[in-house]
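Trainee: What follows is a protein structure lacking sequence information:
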């Protein structure tokens with residue numbers, strides 16, 4: 001297995017459960033995808049259409065840091081033009097929190113949302 005900091009570890013009576021950062025990032029990315037008003041995730045903190053992530057690499061727009069049993073999640077978000085940015089960001093936080101908690105049994109310590117762009121109808125067609 002990789003370095004322990006890359007895994008969330010839960011010790012049980014009959015053994016350990018290891019959940020990788022990639023799994024947590026995938027859970028978070030799938031939760032983001034279901035929020036109305038989200039255009040997509042970005043690999044960087046600036047809007048560049050080349051950095052918008054397709055369906056195959058969703059988790060690349062999510063960064064997970066595990067410290068013991070604490071999970072910190074950061075998300076680079078692109079919202080659709082005309083949407084209430086703060087409302088969408090809060091909905092994304094809630095969706096990530098709900099899904100990660102229900103699927104791993106651990107509530108994230110922090111969920112940071114970086115709204116790095118707004119996709120206009122023109123942007124979306126390029």
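Mentor: Great, that's in hand. The model shown is predicted, which means the values in this text are computed figures rather than measured ones. Numbers count the residues shown, from 1 in each chain.
Trainee: if I read this right, residue 70 contacts residue 64, doesn't it?
Mentor: No: assessed by CB atoms under 8 Å, residue 70 is found out of contact with residue 64, at 10.9 Å. Glycine gets a C-beta too; all of them are placed from N, C-alpha and C.
Trainee: For these two, indicate the residue with more neighbours.
Mentor: Counted by other CB atoms under 10 Å, residue 70 and residue 64 do not tie: residue 64 has more neighbours, with 23 against 13.
Trainee: tell me the contacts of the residue lying closest to the more buried one once chain neighbours are set aside?
Mentor: The shortest distance from residue 64 to any non-neighbouring residue, by CB to CB, 6 or more residues apart in numbering, is to residue 21 (4.3 Å). Residues in contact with residue 21 (CB atoms under 8 Å, 6 or more residues apart in numbering) are 6-8, 64-66.
Trainee: try residue 62
Mentor: Residue 62 touches 25, 28-29, 32, 41, 73-76, counting by CB under 8 Å, 6+ apart.
Trainee: mind listing what residue 98 touches?
Mentor: Listed by CB under 8 Å, 6+ apart, the contact set of residue 98 reads residue 31.
Trainee: pretty sure it is in a strand, no?
Mentor: No: Residue 98: not assigned to a strand; according to DSSP: H, G, I helix; E, B strand; the rest coil it is helix.
Trainee: I'd like to know how far it sits from residue 21.
Mentor: Using CB to CB, to the nearest Å, residue 98 is found at 19 Å from residue 21.
Trainee: Okay, now the unreliable bits of the protein?
Mentor: Residue ranges of the chain with pLDDT under 70: 1-5, 44-59, 123-126.
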